[in-house]
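Q: Structure of the sequence below:
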Amino acid sequence: MNSRRVYRNILVCCFAAALCGSVGVTSLAFAQFGLPKLPKLPKVKKSDAPQKKNENIGPMPELTKIEPDSAPPGGGGQIVLTGSNFSVGTSLRITCHDQRVTIGDFKVESPTRAVAHITIASGATEGPCELALEQRPTTKDASGEITASPGGTVEVVQVKTATFSISKSSPLPISVSVIYLGEGDMQFMDLMMKMQKSMQGSWGDSGKPLLVLSHDQFKLVQGDKTVFSEPASNVKEVGQMSMQGQSTGIFRIVCKNGKIYNFMEGQGNSKGEAYRIVKSTLGK
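A: The predicted structure follows:
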């Protein structure tokens, strides 16, 4: 029994000696080769930590009404949004039969009112559309003014309390790209000469002419200038010039007061497209 105890004590002493030797070698290594001690990492102060950007989505916007609540195929114009919690980060999304409506010049005028200019494709199908509000994070600048934040997550809210649709009976006007050939009962050769002159750029750079149509009136607009305007009730007939049964792209609007306005379809229209839109909208 005593011999076992003596043997165990010898093993403990040997292990302790080996451990001391290892520590000593390490110390010698530091002394001999001048190895630097590992520096202590400084504690990060709260003031030194990266600050999170002052972003705040705030209350989500709500849309309760759109006026007018419809637009015709090929039409467009200004719509007014009424709701709550509108901010600089708010925007509108309109999807009609899987096609996104083009929205430009969206402006929030107050937390309860916003205005936007929309454009509908000429081939859009009549029917209801889906509405959604998008809200981007906002932040305060140095002056305290709230502005839209360039980053952050965009929140999307599906709108159920307001409706919008594509309808030919909408009060919004339709704009058709045209070339104005002149007024009067012009004959074929006169129209051809006028057309050649117009194609050479006689309109200049003051803006492409548009024939703006609604159920109340039609007018020719070039840039900021209205060339002429007539009430829709004055329209007697909308006719087109054809050759061997094919459309030439030339059409005219005959008024009850004797005036005749002659047009050629503008760039981007297929032959007969503008004529069909004008005839359908004016009901003649």
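Q: you'd agree residue 189 is in a strand?
A: No. When the secondary structure is assigned by DSSP: H, G, I helix; E, B strand; the rest coil, residue 189 falls in helix instead of a strand.
Q: Tell me how many other residues surround it.
A: The local packing of residue 189 (other Cβ atoms under 10 Å) involves 8 other residues. For the C-beta atoms, the positions are set from N, CA and C on the backbone; glycine is no exception.
Q: Who is the spatially most central residue of the chain paired with across the strands?
A: When Cα atoms, centre = their mean is applied to the chain, the residue found nearest the centroid is residue 103 (5.0 Å). The bridge-partner assignment for residue 103, based on DSSP bridges, gives residue 118.
Q: what does the one 10 residues further on give?
A: Using DSSP bridges, the bridge partners assigned to residue 113 are residue 82, residue 110.
Q: I figured it was touching residue 86, is that so?
A: Yes. Applying Cβ atoms under 8 Å as the test, residue 113 and residue 86 come out as touching, 7.1 Å apart.
Q: what about the helices in the stretch 151-284 of the chain?
A: With DSSP state H, counting those that start in this stretch applied, the stretch 151-284 of the chain shows helices at 188-199, 273-282, listed in chain order.
Q: Which one, of these, ends up nearest to residue 239?
A: Residue 239 sits nearest to helix 273-282 of all the helices of the stretch 151-284 of the chain, at 8.4 Å, using Cβ to Cβ.
Q: What lies in contact with the closest one?
A: 72, 74, 122, 168, 174, 176-178, 211, 213-215, 218, 232, 235, 238, 240, 247, 249, 251, 253, 263, 265-266 (Cβ atoms under 8 Å, 6 or more residues apart in numbering).
Q: End to end on stretch 179-188, go ahead and measure it.
A: For stretch 179-188, the first and last residues are 16 Å from each other (Cα to Cα, to the nearest Å).
Q: tell me the mean pLDDT over that stretch?
A: pLDDT averaged over stretch 179-188 equals 90, rounded to a whole number.
Q: buried set for it?
A: 179-181, 186 (16 or more other Cβ atoms under 10 Å).
Q: Okay, and which of these map to strands?
A: Those of the buried residues of stretch 179-188 mapping onto strands are 179-181, per DSSP state E.
Q: will you turn those residues into a markdown table that also has distance to residue 149?
A: Putting those into a markdown table (distance: Cβ to Cβ, whole Å) gives the following:
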| residue | distance to residue 149 |
| --- | --- |
| 179 | 46 |
| 180 | 47 |
| 181 | 52 |
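Q: Among the contacts of helix 273-282, name the buried ones.
A: With neighbours counted using 16+ other Cβ under 10 Å, the contacts of helix 273-282 contain these buried positions: 72, 74, 122, 174, 176, 178, 211, 213-215, 218, 235, 238, 240, 247, 249, 251, 253, 263, 265-266.
Q: Could you single out the nearest of the buried residues of stretch 179-188 to residue 80?
A: Taking Cβ to Cβ as the measure, residue 80 lies nearest residue 180 of those, at 31.9 Å.
Q: The closest one bridge partners, please.
A: Assessed by DSSP bridges, residue 180 has beta-bridge partners residue 263.
Q: and the gap between it and residue 155?
A: For residue 180, the distance to residue 155 (Cβ to Cβ, to the nearest Å) stands at 47 Å.
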